[in-house]
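Undergrad: I'll drop the sequence and a predicted model, then ask my questions.
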Amino acid sequence: MAPRNTHPTADLLRYFDGTLEGEERRVLEEHLKTCAECQEYLSFVRDAKHSLADLSEEEFTSHEPCPDSSTLVSYEAGKVDEETARHLRAHMLFCDACAEEYQALRRLRPKSVDAILRVAGGLVEALRVSGVAEWQTLPAAAVTRATKRVFVAPFRVSETFVDPDTAAESTVALRVEEDLKPESVRVIVECDPLPQDWKLTLSDAEQEELASMPLTERYVAVRSELAYGFYALEILKDDECLGRFAFTVEPFSLPEAIKTALEYLRLAHYGRAMAVLENAAERYPDSREVWDLQCLARGLAATDTEAFEREQNELGQVRGAADFLKETWEVLKNAKMRFGEGLAYVFAAARFDATSLPVDALSRLKEEKATLPVLSALELLREHVRGSDERLARVLGDFTSRLEDFSALMKSLQQSIDGVRADVTKDVNEKFGAITALLEPIEKALAQRGLALADYSPLFRETLSDAGWSWLGPEVQKIFVSAEELYWYLDNQPTAEAPDFSPALLQFCRGLELLLNIKIGSLCTYMRETVSANDALRNLASSQLPRINLDMTFRREATLSMTQVANLLRIGKVIQRTRPSSFKQEKWALLESSLGLADVEFIAALDLVGMFFRNGKIHPRAGFASIFTTPEEMHILRKLIFGFDEKRVESSRVLSRLRNAQWLSEAERQEAHDKMSRAWKTYPGLVNILYKAFASSLDA
């Protein structure tokens, strides 16, 4: 569906405040799914709100002078530190002159469109499109490939560019569609009207040019059989860039597939949901959530026959009734063979054959734990059978009420975390210990409510490899899986509610800190004891690293904090370089043979996670009233820890913090900034680096 051309600011503000209700709210939420401009506006309002919350009363009421033009230029380019950016955002809420100058700076830049695309069985779905361009997933059509009928739904985005010499405008559209070759796409460009002396270039993530041609036809086939990856298509005249389409094409990750399928089910786009889930089942064959949702998607299609038939007719009858029934029983049979007769299987099968429901099924199923994705799909099924089968609706209601239990549990957890954060009698490590005690029993609390965490371990296996995932150990695995589940649960909340992602953030930090203590805790403890007991080594550390608080670093606690680990690695590196005989060789072997644990970029990234996320979200510095965690901050954290990068996280905020990292020397800041800047697009994450360091030391 193409985005609407109107952007109702007043409605957006009412939506943000929670005062937009009923049909108005539903219509606006549909609009937000395809309108990047409104999404960006809500993000700006949310950032501004948090900026104001962070300001002290004196700062808020004072009349700050307007920033000079160079500061605004740096801000627009993303080159100022976060505190400066926060003040500028707040200032521009009240200063029309600065806001207008900032908007003028943005308009001077060549237009740029950034699209994050996912492909599943012919569907090209946009996860995010930044900029104000108009975009849509084109209407799906059915085609036959290798005797199988599949969907084909390309993605299309268009932007209007201006000729710098003639001021003539031309609308350029980028079209991306799945190609016949597996895991590849075809790129097409359309122009209207045809411009004069314009050309296009297509390049990959390494900026290697893949195609270059003049725009002499309205329809240009740029490249076929293009493998999944990151690409940039530029529109040029005389080597001057008029505009740019940057796009990432990848398959759905496991949680993305589940989220997208549920969104399609809510919209009664059952064919699209099944296409996404079928593709996910091929990539993640052992994911119970995917198989359960496949069963329920087919059960919903059989229940909401009018919507399903309408969708099928629009697509040219992809599946006849007999074919659909045959495919469905095949899916149900496979699901039963893999996971038994669980909740999803039983309720889906009953939609096709009421006699398939065993007499004791309901009493037996009440003891089964259900995950949030499955409960969400069951809730949709309950809505559709209500009025036609009240008994089944009541039975489903008994199960789906667990969603409310989970919401209540999350609310209670958030309140408990906030209580710990507000305790002025505890230091940061005491607070983190108290929050850890709140997070530890979460799985038990869920089980008591008949709930279970969605199993996102395939996502981690895909990222770390099977060996890397096993290397983490079951306790760390469990923490990271629960953190990922909390993240996606909060990410699925309505935009206007602006949930605080702190519980997920702190669970990720808890997992990373435990992993560090398990894997290199003994090494760090050895270095701490060796240096703290030797005045010469302690004085050497103090003189070489004057910004490190040695008393805090050497403090003995039950576990080492991330900041302590980072500081001890720096101290160990300095002493090993200056006095190499100070440590036993077997103790230092890991770092000597590693792929980066003693490198400044690893230490700097670890410090960022420890100081700005772990400590900053539970024990903020004086004057900061807000410790709210935004989705954007979660994107950065997940990138730093695991390399997850669904949203193509910009490096500007991380690099800004590195430029201003006062705990590092000027040389270290510059080195960390330069290395992280070069590696950011493919940054593997701290956990990957740590695992590869161990794998390297074992191979040495």
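TA: The structure has been received and is ready for your questions. Predicted model only: the values in this text are computed from it and were never measured.
Undergrad: what residues are up against residue 559?
TA: By Cβ atoms under 8 Å, 6 or more residues apart in numbering, residue 559 lies in contact with 513-514, 517, 521. All C-beta spots, glycine's among them, are computed from the backbone N, C-alpha and C.
Undergrad: of the residues you listed - the most surrounded one?
TA: residue 513 (25 neighbours; other Cβ atoms under 10 Å).
Undergrad: residue 69: neighbouring residues, count only.
TA: Neighbour count of residue 69, defined by other Cβ under 10 Å: 11.
Undergrad: grab the nearest non-local neighbour of it.
TA: residue 101 (7.0 Å; Cβ to Cβ, 6 or more residues apart in numbering).
Undergrad: on that earlier part again, just put the contacts of residue 559 in JSON lines and tack on distance to residue 457, secondary structure and pLDDT.
TA: Formatted as JSON lines, those follow (distance: Cβ to Cβ, whole Å; DSSP: H, G, I helix; E, B strand; the rest coil; pLDDT from 0 to 100):
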{"residue": "513", "distance to residue 457": "20", "secondary structure": "helix", "pLDDT": "97"}
{"residue": "514", "distance to residue 457": "17", "secondary structure": "helix", "pLDDT": "97"}
{"residue": "517", "distance to residue 457": "22", "secondary structure": "helix", "pLDDT": "96"}
{"residue": "521", "distance to residue 457": "24", "secondary structure": "helix", "pLDDT": "93"}
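Undergrad: alpha carbons only: can I get stretch 275-294 in PDB?
TA: Taking Å, rounded to 0.1, in the frame of the first residue of the first chain, the C-alpha atoms of stretch 275-294 are listed here in PDB:
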ATOM      1  CA  ALA A 275       4.900 -17.100   2.400                       C
ATOM      2  CA  VAL A 276       7.100 -15.500   5.100                       C
ATOM      3  CA  LEU A 277       6.600 -18.400   7.500                       C
ATOM      4  CA  GLU A 278       7.300 -21.000   4.800                       C
ATOM      5  CA  ASN A 279      10.600 -19.300   4.000                       C
ATOM      6  CA  ALA A 280      11.400 -19.100   7.700                       C
ATOM      7  CA  ALA A 281      10.700 -22.800   8.100                       C
ATOM      8  CA  GLU A 282      13.300 -23.600   5.400                       C
ATOM      9  CA  ARG A 283      15.900 -21.400   7.100                       C
ATOM     10  CA  TYR A 284      15.000 -22.300  10.700                       C
ATOM     11  CA  PRO A 285      13.600 -25.900  10.500                       C
ATOM     12  CA  ASP A 286      13.900 -26.500  14.200                       C
ATOM     13  CA  SER A 287      12.000 -23.400  15.300                       C
ATOM     14  CA  ARG A 288       8.800 -24.400  17.000                       C
ATOM     15  CA  GLU A 289       7.500 -20.900  16.900                       C
ATOM     16  CA  VAL A 290       7.700 -20.900  13.100                       C
ATOM     17  CA  TRP A 291       5.900 -24.200  12.800                       C
ATOM     18  CA  ASP A 292       3.200 -23.300  15.300                       C
ATOM     19  CA  LEU A 293       2.600 -20.000  13.500                       C
ATOM     20  CA  GLN A 294       2.400 -21.900  10.200                       C
END
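Undergrad: and the gap between the residue nearest to residue 69 and residue 584?
TA: 61 Å (Cβ to Cβ, to the nearest Å).
Undergrad: and these two? Which one has more around it.
TA: residue 101 (18 against 10).
Undergrad: need the mean per-residue confidence for the host helix or strand of that one.
TA: Element membership of residue 101 [criterion: DSSP states H and E] is helix 96-108. Helix 96-108 shows an average pLDDT of 65 in the prediction.
Undergrad: show me where the stretch 151-300 of the chain has its strands.
TA: 155-162, 169-178, 184-192, 199-204, 209-214, 219-227, 229-237, 240-251 (DSSP state E, counting those that start in this stretch).
Undergrad: for the fourth one, which strands pair with it and how are they oriented?
TA: Yep, that's strand 199-204 we're talking about. Counting by DSSP bridges, the strands paired with strand 199-204 are strand 209-214 (antiparallel), strand 229-237 (antiparallel).
Undergrad: do the first one as well
TA: Within its sheet, strand 155-162 is paired with strand 134-137 (antiparallel), strand 169-178 (antiparallel), according to DSSP bridges.
Undergrad: pretty sure residue 557 is touching residue 430, no?
TA: No. In this structure residue 557 lies outside contact range of residue 430 using Cβ atoms under 8 Å: 9.4 Å.
Undergrad: higher neighbour count, the two?
TA: Comparing residue 557 with residue 430 by other Cβ under 10 Å, the one with more neighbours is residue 430, at 15 against 10.
Undergrad: circling back to that earlier point, which of the contacts of residue 559 lies closest to residue 241?
TA: Nearest to residue 241 among the contacts of residue 559 is residue 513, at 44.6 Å by Cβ to Cβ.
Undergrad: that older thread, turn the strands of the stretch 151-300 of the chain into CSV, including distance to residue 307 and mean pLDDT.
TA: Below are the strands of the stretch 151-300 of the chain laid out as CSV (distance: least, Cβ to Cβ, whole Å; pLDDT from 0 to 100):
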stretch, distance to residue 307, mean pLDDT
strand 155-162, 24, 91
strand 169-178, 25, 93
strand 184-192, 29, 94
strand 199-204, 39, 95
strand 209-214, 41, 95
strand 219-227, 34, 94
strand 229-237, 36, 94
strand 240-251, 27, 92
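Undergrad: just send those back as JSON lines, with distance to residue 547 too.
TA: Converted to JSON lines, those look like this (distance: least, Cβ to Cβ, whole Å):
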{"stretch": "strand 155-162", "distance to residue 547": "47"}
{"stretch": "strand 169-178", "distance to residue 547": "48"}
{"stretch": "strand 184-192", "distance to residue 547": "49"}
{"stretch": "strand 199-204", "distance to residue 547": "40"}
{"stretch": "strand 209-214", "distance to residue 547": "45"}
{"stretch": "strand 219-227", "distance to residue 547": "45"}
{"stretch": "strand 229-237", "distance to residue 547": "37"}
{"stretch": "strand 240-251", "distance to residue 547": "38"}
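Undergrad: for the ones you listed, which one sits closest to residue 74?
TA: strand 240-251 (21.0 Å).
Undergrad: before we move on, back to that, separation between the residue nearest to residue 69 and residue 245?
TA: As judged by Cβ to Cβ, residue 101 and residue 245 stand 28 Å apart.
Undergrad: domains of this structure?
TA: 35-108, 111-251, 254-399, 515-699 (automatic domain parsing).
Undergrad: on that earlier part again, including distance to residue 97 and mean neighbour count, could the strands paired with strand 155-162 go into TSV?
TA: Listed next are the strands paired with strand 155-162 as TSV, based on distance: least, Cβ to Cβ, whole Å; neighbours: other Cβ atoms under 10 Å:
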stretch	distance to residue 97	mean neighbour count
strand 134-137	31	20
strand 169-178	29	20
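Undergrad: hang on, the residue nearest to residue 69 packs against residue 71?
TA: No. Contact criterion Cβ under 8 Å: residue 101 and residue 71 do not qualify, at 10.6 Å.
Undergrad: check which residues of whichever strand or helix holds residue 419 are buried.
TA: Taking DSSP H and E as the criterion, residue 419 maps to helix 402-421. Applying a neighbour-count criterion of 16 or more other Cβ atoms under 10 Å, one finds 402-403, 405-406, 409-410, 413, 416-417, 420-421 buried in helix 402-421.
Undergrad: turn these into TSV, including pLDDT and distance to residue 274.
TA: Shown next, in TSV, are these (pLDDT from 0 to 100; distance: Cβ to Cβ, whole Å):
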residue	pLDDT	distance to residue 274
402	92	25
403	91	23
405	92	29
406	93	26
409	93	32
410	92	30
413	94	35
416	94	40
417	93	39
420	92	44
421	90	44
